[in-house]
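Trainee: Make a model of this:
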Amino acid sequence: MKRNIKCYTKKVYADQITPISAYLNVRGLFAGSFLLESSEVNDKENARSIICANPIAGITLTETTLSTYYKQDATTKSTDDIEFIQE
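Mentor: Coordinates of the predicted model:
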């Protein structure tokens, strides 16, 4: 299934704004937003921070139900109907 996703990027120098302060400004505007960060141990120049806002899909797992949604389509299943892999 092919989907079109919009991604907006902006390069910001670390001494002007931190990823956490940028995220704290965004999280009040968009419910379900989150911050992803990645960096290599020996390569500080290629560190990336991604702020995700306004999610189009989601998964919620509780003791009794598994719920998923994508845009307006939502499904809920009982965890009794799901086979879990245990290691």
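Trainee: Could you use CA atoms for every contact and neighbour count after this?
Mentor: Noted.
Trainee: Am I right that residue 77 is in contact with residue 65?
Mentor: Yes - between residue 77 and residue 65 there is a contact under CA atoms under 8 Å: 5.6 Å.
Trainee: What are the buried residues along stretch 12-31?
Mentor: For stretch 12-31, a neighbour-count test (16 or more other CA atoms under 10 Å) marks 19, 23, 26-27 as buried.
Trainee: do stretch 40-60 as well
Mentor: Those would be 51-53, for stretch 40-60 by 16+ other CA under 10 Å.
Trainee: Please work out the average pLDDT along that stretch.
Mentor: Averaging pLDDT along stretch 40-60 yields 80.
Trainee: ends of it, how far apart?
Mentor: Taking CA to CA, to the nearest Å, stretch 40-60 runs 30 Å from one end to the other.
Trainee: So which residues make contact with that stretch?
Mentor: The contact list for stretch 40-60 (CA atoms under 8 Å, 6 or more residues apart in numbering) reads 19, 23, 26-27, 30-39, 66-71.
Trainee: Show me where the chain has its strands.
Mentor: Along the chain, counting by DSSP state E, strands occupy 34-40, 43-52, 57-61, 65-70, 73-78.
Trainee: Partner strands of the lowest-mean-pLDDT helix or strand in the chain and their direction?
Mentor: Here the helix or strand of the chain ranked lowest by mean pLDDT, DSSP states H and E is strand 43-52, holding a mean of 79. The strands beside strand 43-52 in its sheet (DSSP bridges) come out as strand 34-40 (antiparallel).
Trainee: what distance separates the partner strand from the centre of its chain?
Mentor: Put simply, strand 34-40 sits 11 Å off its chain's centre (CA atoms, centre = their mean, to the nearest Å).
Trainee: Right, I'll call it a day here.
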